[in-house]
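A.B. asks: Structure for this input, please:
(one chain, ligands or ions: 1)
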Amino acid sequence: MFTRIDHIGIAVENLDESIALYDRDFDLKLVHRETVEEQGVEAVLLDVGENHVELIAPLGPDTGVAKFLAKNGPGLHHVAYQVEDIEAEIARLTAAGIRMIDKEPRTGIRGSRVAFMHPKSTASVLTELTEPAKGAH
Ligand code: CO
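C.D. replies: Purely as a prediction, here's the structure:
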């Protein structure tokens, strides 16, 4: 079961310029900044009520986000749904015919466990499952 939208992922070229827009001008509080090697990004989380905006910038030209930026430019990248049991959700969605990019959870931002579905299975929306670390919201 998807319990809520955890975050909207936005691909950016320059993290600091984007933080100025979202944090300074939109007044969304920056709560976390991290290099997530496994996803090839530097990322920040901003609070929007109980949900988040995740700004992601590529660590290098061979990363998925760099390829996304080269093709599409900056903008909406993915939507992440929060789940309580990510293994169960991966199994359920796989049984339903959804193609998972990640058949096993991998490490996401702030100690979360995440898995992406292939956009070909999800009407072209890159979709992430995220199981937050205990104690995170
Ligand atoms: Co994300």
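
A.B. asks: Can you say which helix or strand has residue 78 in it?
C.D. replies: Here residue 78, judged by DSSP states H and E, is contained in strand 75-83.

A.B. asks: Now the residue of the chain positioned farthest from its centre: phi and psi?
C.D. replies: Most distant from the centre of the chain: residue 95, at 23.2 Å, with distances by CA atoms, centre = their mean. Torsion angles at residue 95 (phi, psi; degrees, to the nearest 10) stand at phi -60, psi -30.

A.B. asks: Same check on residue 68?
C.D. replies: Residue 68 adopts backbone torsions of phi -60, psi -50, taken as degrees, to the nearest 10.

A.B. asks: Touching, it and residue 13? I think so.
C.D. replies: No - using CB atoms under 8 Å, residue 68 is not in contact with residue 13, being 11.1 Å away. Every residue, glycine included, has its C-beta placed from N, CA and C.

A.B. asks: So which of those two has more stuff around it?
C.D. replies: More neighbours surround residue 68 than the other of residue 68 and residue 13, with 18 against 12 (other CB atoms under 10 Å).

A.B. asks: ok, the closest residue to that one other than its chain neighbours to the ion distance?
C.D. replies: The shortest distance from residue 68 to any non-neighbouring residue, by CB to CB, 6 or more residues apart in numbering, is to residue 11 (5.4 Å). Look at residue 11 and the ion: by CB to the ion, to the nearest Å, they are 10 Å apart.

A.B. asks: Check residue 37 too.
C.D. replies: 15 Å.

A.B. asks: quick one, phi/psi of that residue?
C.D. replies: Residue torsions, per degrees, to the nearest 10, at residue 37 are phi -60, psi -40.

A.B. asks: Any residues of the protein in contact with the ion? List them.
C.D. replies: Counting by CB under 5 Å from the ion, the chain comes close to the ion at 9, 54, 80, 128.

A.B. asks: Just give the number of residues close to the first one.
C.D. replies: Yep, that's residue 9 we're talking about. Using other CB under 10 Å, residue 9 has 22 neighbouring residues.

A.B. asks: Confirm for me that it is in contact with residue 75.
C.D. replies: No - the pair residue 9 / residue 75 is not scored as a contact, 10.4 Å apart, by CB under 8 Å.
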